[in-house]
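J.: My questions are about this predicted structure, shown below with the sequence.
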Amino acid sequence: MEHSIALVTGATSGLGHAAARLLAGEGWHEIIVTGRSPAGAQQAAAQLAAETKTKIFTPLELDLNAPASVQSALAELVKQGRPVDFLLLNAGLVPFKQRVLTAAGVEASQAPLIGHHQLTVGLLNANLLSPNARIVIAGAEPARGGVPFFKYTDLPEFAAKYHQGNRTAAVEALIRNGPNVKYVPNNTYADAKLIIAWWSAALARRLPSGMAVYAVSPGGATATKVVRSASPVLKYLFIPIVNLIPGMNQTPETAARRYIQASEFGTDVSGQFFASAKGKFSGPIEVQRQPHLRDRASQEAAWQAVVKVSGVDLSRPASLSAVS
Ligand SMILES: NC(=O)c1ccc[n+]([C@@H]2O[C@H](COP(=O)([O-])OP(=O)(O)OC[C@H]3O[C@@H](n4cnc5c(N)ncnc54)[C@H](OP(=O)(O)O)[C@@H]3O)[C@@H](O)[C@H]2O)c1
């Protein structure tokens, strides 16, 4: 891939900031960095410029909770008219202690996917991703299961119980955290990251043949601000315990490196979810092969639910049979 233009969402702190800094070191010509407010984006760009002693950072206002903000960001990118080669959809958060819904009725930790979908589809529809573009979206290990204190919803079972087997309606209920969804913040996070993995697989089937998308868990990096609003159990029990176990935590820079590594992957693994080895939150990433992640009906249900909630779909989907 030509190291020309990268766009990193959520670059005001943590892994997005670290990834933008790493991309500068790798010779990217321009790195668009987003923040929820103009001041936040400008501050991130200025800080990164000072840290890297370069002038390659362009600030962009982007609040993924607000469709109007995504539209304005897209309009700005259309005005610039330069295709993005690497789209790093990093922004995200661990859910709040109490349930928080956006103005559009989306649970707060699910909202970044809705905004990221609007952004990605908007760029594709405007022909503003380069022919060999790479898209990386932040996942997390709880999506594959086996992480203590985090449990994802069994979608087929939930759909059968409350939605006459309609998985799209069931995913929409998870995105909106209701009806019939109990708010358990850690489980909501596991669901949000699982829906991201399914969305990536479904998007891969719709991308033009040279492009690729991957869901990538950066792994544990507790020095970021990711758990700032999380429950006390997570902040004061789970994370301190995990930090005592060797190999379960890493620096933000090491975690962000996973995104950069994935940006070099081929189209043959497009749509896959990459995360730490079983039982780990650090170390090398590998493709996750758990059956629930590879369930095509759930992947397509996630895509359709995100399309419905966001109100946005591709105008010209590429062949749906390109990736099985
Ligand atoms: N750190 C870890 O251990 C870990 C592990 C697995 C996965 N992840 C994932 O990695 C990603 C980055 O997390 P991090 O650790 O770097 O956390 P962080 O330090 O809190 O950074 C998150 C970034 O995302 C932005 N953001 C969140 N919600 C947004 C929204 N609705 N609209 C626009 N921007 C939004 C934040 O902006 P504001 O400052 O304005 O809120 C911030 O710039 C997340 O998707 C997270 O789920 C992290």
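T.: Sure thing, it's come through.

J.: how many neighbours does residue 209 have?
T.: 13 (other CB atoms under 10 Å). C-beta coordinates here come from the backbone N, C-alpha and C atoms, glycine included.

J.: same check, this time on residue 133
T.: 24.

J.: What's the separation between it and the ligand?
T.: 20 Å (CB to the nearest ligand atom, to the nearest Å).

J.: and residue 135, that one's in a strand?
T.: Yes. Per DSSP: H, G, I helix; E, B strand; the rest coil, residue 135 lies within a strand segment.

J.: Could you give the number of residues near the closest residue to it other than its chain neighbours?
T.: Closest residue to residue 135 apart from its sequence neighbours, by CB to CB, 6 or more residues apart in numbering: residue 213 at 4.1 Å. A count of neighbours around residue 213, defined by other CB under 10 Å, yields 27.

J.: Quick one: residues contacting the residue lying closest to residue 100 once chain neighbours are set aside.
T.: Distances taken as CB to CB, 6+ apart place residue 108 nearest to residue 100, at 4.2 Å, with adjacent residues excluded. Residue 108 is in contact with 65, 93, 95, 96, 100, 101, 102, counting by CB atoms under 8 Å, 6 or more residues apart in numbering.

J.: Just the ones of these in strands?
T.: Using DSSP state E, no member of the contacts of residue 108 falls within strands.

J.: Report the buried members of these.
T.: 65, 93, 95, 96, 100, 102 (16 or more other CB atoms under 10 Å).

J.: Assess the claim that the first one and residue 102 are in contact.
T.: The one in question is residue 65. Yes. Contact criterion CB atoms under 8 Å: residue 65 and residue 102 qualify, at 4.4 Å.

J.: Let's see the pLDDT reported for residue 247.
T.: Confidence at residue 247, expressed as pLDDT, is 75.

J.: Would you mind giving the secondary structure of it?
T.: Going by three-state DSSP: residue 247 is coil.

J.: Alongside the ligand, which residues does this protein contribute?
T.: Within the chain, the residues that sit near the ligand (CB under 6 Å from any ligand atom) are 10, 12-16, 36, 40, 62-65, 90-93, 111-112, 138, 140, 217-218, 220-222, 224-226.

J.: Next up, identify which helix or strand the residue of the chain most remote from its centre is on.
T.: Farthest-out residue of the chain from its mean C-alpha position, per CA atoms, centre = their mean: residue 164, at 29.4 Å. If you go by DSSP states H and E, residue 164 is not part of any helix or strand.

J.: for residue 86, same thing?
T.: Secondary structure (DSSP H and E) places residue 86 in strand 84-89.

J.: Relative to that strand, what are the paired strands and their orientations?
T.: strand 5-8 (parallel), strand 129-138 (parallel) (DSSP bridges).

J.: next helix or strand past the last one?
T.: Once strand 129-138 ends, the next helix or strand along the chain (criterion: DSSP H and E) is helix 155-162.

J.: elements contacting that next one?
T.: Judged by 3 or more CB pairs under 8 Å, 6 or more residues apart in numbering; DSSP states H and E, the packing partners of helix 155-162 are helix 167-176, helix 296-310.

J.: chain center to stretch 288-295: distance?
T.: Relative to its chain's centre, stretch 288-295 lies at 18 Å (CA atoms, centre = their mean, to the nearest Å).

J.: sorry, that was for stretch 290-299
T.: That offset, for stretch 290-299, works out to 18 Å (CA atoms, centre = their mean).

J.: and what of stretch 65-75?
T.: On the basis of CA atoms, centre = their mean, stretch 65-75 sits 17 Å off its chain's mean C-alpha point.

J.: average pLDDT for that stretch?
T.: 98.

J.: For residue 303, give its distance to residue 219.
T.: Remark: distance between residue 303 and residue 219 (CB to CB, to the nearest Å) = 26 Å.

J.: Check residue 157 too.
T.: Counting by CB to CB - residue 157 and residue 219 are separated by 29 Å.

J.: More neighbours: which of the two?
T.: residue 219 (24 against 10).

J.: The more buried one in helix, strand or coil?
T.: Residue 219 is classified as coil under three-state DSSP.

J.: pretty sure it contacts residue 281?
T.: Yes. With contact defined as CB under 8 Å, residue 219 reaches residue 281; the gap is 4.9 Å.

J.: what residues are shared contacts of these two?
T.: With CB under 8 Å, 6+ apart as the test, residue 219 and residue 281 both reach 141, 250.
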